[in-house]
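The sequence isn't on hand, but the structure is:
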């Protein structure tokens, strides 16, 4: 294996790591801002009813599930891109 190929492999690995971190940070930032917007609608100092609390818990779980799916799709697309 020549030096040029070895250097390009190391650079590609480094770039792939940075892109992964950037994608994860973007997804996290998007979901946090979405959660803040949803929370701002109900944060007027009024106590939530148990139904509303359950609804918010359900929406939070949906958000986490969406993040997991987005990360999984991002991983699969990176794997497909390697071919």
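Structure received. The model shown is predicted, which means the values in this text are computed figures rather than measured ones. Numbering: from 1, shown residues only.

could you give me the average pLDDT of the host helix or strand of residue 13?
Following DSSP states H and E, one finds residue 13 within helix 3-42. Helix 3-42 shows a mean pLDDT of 83.

by how many degrees do the following helix or strand past that helix and helix 3-42 diverge?
Following helix 3-42 in sequence order, the next helix or strand is helix 50-81 (DSSP H and E). Between helix 50-81 and helix 3-42, the angle comes out at 170 degrees (axes from the mean of the first three to the mean of the last three Cα atoms, to 10 degrees).

packing partners for helix 50-81?
Counting contacts by 3 or more Cβ pairs under 8 Å, 6 or more residues apart in numbering; DSSP states H and E, the secondary-structure elements packed against helix 50-81 are helix 3-42. (Each C-beta comes from the backbone N, C-alpha and C, glycine too.)

buried sites along the helix it packs on?
Buried residues in helix 3-42, counted by 16 or more other Cβ atoms under 10 Å: 23, 27, 31.

With that, I have no additional questions.
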